[in-house]
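Enquirer: Okay, structure incoming, though there's no sequence with it:
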Ligand SMILES: Cc1cc2nc3c(=O)[nH]c(=O)nc-3n(C[C@H](O)[C@H](O)[C@H](O)COP(=O)(O)OP(=O)(O)OC[C@H]3O[C@@H](n4cnc5c(N)ncnc54)[C@H](O)[C@@H]3O)c2cc1C
């Protein structure tokens with residue numbers, strides 16, 4: 001059995017319920033089984049498959065199936081149980097679960113020693129017409145099917161495609177769409193609408209300079225400082241953030257990437273235990289995008305932080321169940337972040353946020369990170385820091 005500092009086991013088989021089988025949930029599952037192979041783990045997830053969502057924009061090149069792993073396959077691989085259900089997560093019920101040590105799902109009583117909530121964050125949504133798409137649509141239909149089927153229905157000629165949102169997700173989709181149109185020789189004009197004065201404005205300016213230069217090279221129109229109000233038929237309504245002037249542009253299809261909206265943001269202490277009204281709930285932990293740890297570690301909504309929090313929460317659950325009860329604080333700092341700009345290009349930072357890496361080296365970093373996660377999904381943990 002691998003050694004874990006400050007862990008002297010008292011139990012051979014804990015009953016653990018994980019809510020959410022995304023990046024944090026899977027990282028926790030693998031960690032539990034590494035240190036307690038006989039743990040009885042139930043994974044509650046509303047989906048039938050684990051989605052490697054960091055690849056979703058690549059469905060303009062590869063089938064969606066390539067990025068899905070059935071929870072039934074993970075049940076066989078890890079000997080856990082998957083319950084396909086959406087658990088209603090109300091802050092008020094957490095204290096009750098802590099006291100009862102059971103929850104009810106699909107009319108079944110699930111008893112647990114520890115509960116770990118890793119339900120991620122909801123994608124921001126607004127009401128949308130049939131020619132508007134967002135991340136939820138890409139989770140069901142691969143990009144190439146989605147775009148091709150809609151364009152087929154539209155008349156040829158100047159067909160405008162609008163991407164709304166120039167954050168990391170919007171930019172990754174924008175470039176994939178641009179290359180898809182080129183590969184398929186589809187005549188369409190692509191534009192990006194963004195509320196800030198530069199794309200990728202959560203990163204240093206080197207990101208924006210590089211990405212915007214690549215956008216110009218691909219003849220993508222850029223509307224900075226522009227607010228998106230909505231779409232009626234084949235027109236979008238926009239507003240200039242500086243002057244307040246409202247205007248309309250033709251748009252056959254619009255893709256919305258408006259960011260994340262954590263519906264259930266759970267506050268946790270530095271060890272990952274959910275904070276109740278007065279005290280930390282001893283047997284309820286959280287990790288991933290739905291969690292905010294009161295610690296020096298990174299609370300960014302990234303797969304990187306989700307995996308590290310998932311691992312830490314799992315280690316702390318085991319330590320809490322052991323004889324010493326000495327828990328480890330969350331101190332992980334992000335090591336880098338890479339945004340892909342189509343199949344052969346990327347921009348990112350490594351080690352220091354100002355250390356901007358572009359082109360092939362950036363692409364290689366992304367490949368290594370993705371490969372590391374693929375290994376984790378097979379049960380091999382190669383994360384050192
Ligand atoms: C297109 C795209 C590209 C990205 N690229 C990157 C990248 O390159 N690098 C990076 O670091 N990050 C990236 N991210 C962000 C990263 O994917 C998230 O930060 C990460 O997925 C968060 O992991 P999580 O486990 O907290 O949540 P998720 O991975 O979202 O998993 C949550 C799971 O919980 C389930 N669930 C939710 N609510 C309930 C409920 N009530 N009951 C039961 N089950 C529930 C969901 O079905 C889901 O399976 C990207 C995100 C997107 C959308």
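Expert: Alright, I've got the coordinates. All values reported here derive from a predicted model rather than from experimental measurement.
Enquirer: contacting residues around the closest residue to the ligand within the chain?
Expert: Nearest residue of the chain to the ligand (Cβ to the nearest ligand atom) works out as residue 22 at 1.8 Å. No exception for glycine: its C-beta is placed from N, CA and C like everyone else's. If you count contacts by Cβ atoms under 8 Å, 6 or more residues apart in numbering, residue 22 has them with 45, 50-51, 53, 118-120, 288-289, 306.
Enquirer: Output those of those residues also counted as contacts of the ligand.
Expert: 45, 53, 118-120, 288-289, 306 (Cβ under 6 Å from any ligand atom).
Enquirer: can you give me phi and psi for the residue of the chain closest to the ligand?
Expert: Dihedral angles of residue 22 (phi, psi; degrees, to the nearest 10) stand at phi -90, psi -150.
Enquirer: next one: residue 153
Expert: With angles defined as degrees, to the nearest 10, residue 153 sits at phi -80, psi -10.
Enquirer: Could you tell me the model confidence score at it?
Expert: With respect to pLDDT, residue 153 scores 74.
Enquirer: Around the ligand, which positions in the chain sit nearby?
Expert: 19-25, 44-47, 53-54, 56-57, 86-87, 89, 118-120, 135, 169, 288-289, 301-304, 306.
Enquirer: Buried subset of these, written for ChimeraX?
Expert: Buried residues among the residues of the chain next to the ligand (16 or more other Cβ atoms under 10 Å), as a ChimeraX selection:
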select :19,20,21,22,23,24,25,44,45,47,53,54,56,57,87,89,118,119,120,135,169,288,289,301,302,303,304,306
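Enquirer: Just after the helix or strand residue 208 falls within, pick out the following helix or strand.
Expert: Here residue 208 sits within helix 205-217, counting by DSSP states H and E. With elements assigned by DSSP H and E, the helix or strand that comes after helix 205-217 is strand 221-223.
Enquirer: So which elements touch that following strand?
Expert: strand 189-193, helix 205-217 (3 or more Cβ pairs under 8 Å, 6 or more residues apart in numbering; DSSP states H and E).
Enquirer: between the helix or strand just after it and strand 189-193, how big is the angle?
Expert: Where DSSP H and E defines the elements, the next helix or strand beyond strand 221-223 is strand 226-232. Taking axes from the mean of the first three to the mean of the last three Cα atoms, to 10 degrees, one finds strand 226-232 and strand 189-193 inclined to each other by 120 degrees.
Enquirer: what sits up against strand 226-232?
Expert: By Cβ under 8 Å, 6+ apart, strand 226-232 touches 126-129, 131-132, 164, 193-195, 236-241, 246, 251, 254, 256.
Enquirer: how about a cut-off of 6 Å?
Expert: Contacts to strand 226-232, defined as Cβ atoms under 6 Å, 6 or more residues apart in numbering, come from residues 129, 132, 164, 193, 195, 237-239, 241, 254.
Enquirer: And the contacts of stretch 349-369?
Expert: 204, 206, 210, 336, 338, 346-348.
Enquirer: Output those as TSV; include the columns distance to residue 4.
Expert: Formatted as TSV, these follow (distance: Cβ to Cβ, whole Å):
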residue	distance to residue 4
204	37
206	39
210	42
336	27
338	31
346	35
347	37
348	32
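Enquirer: most neighbours, which of the contacts of strand 226-232?
Expert: residue 164 (26 neighbours; other Cβ atoms under 10 Å).
Enquirer: Could I get the contacting residues of it?
Expert: Taking Cβ under 6 Å, 6+ apart as the test, what residue 164 contacts is 193, 228, 256.
Enquirer: How about residue 373?
Expert: Contacts of residue 373 (Cβ under 6 Å, 6+ apart): none.
Enquirer: Please repeat the previous calculation with a cut-off of 10 Å.
Expert: 23, 26-27, 52, 54-55, 303-304, 307, 382-383 (Cβ atoms under 10 Å, 6 or more residues apart in numbering).
Enquirer: in what helix or strand does it lie?
Expert: helix 359-377.
Enquirer: Please apply the same query to residue 74.
Expert: Short version, using DSSP H and E: residue 74 is in helix 71-78.
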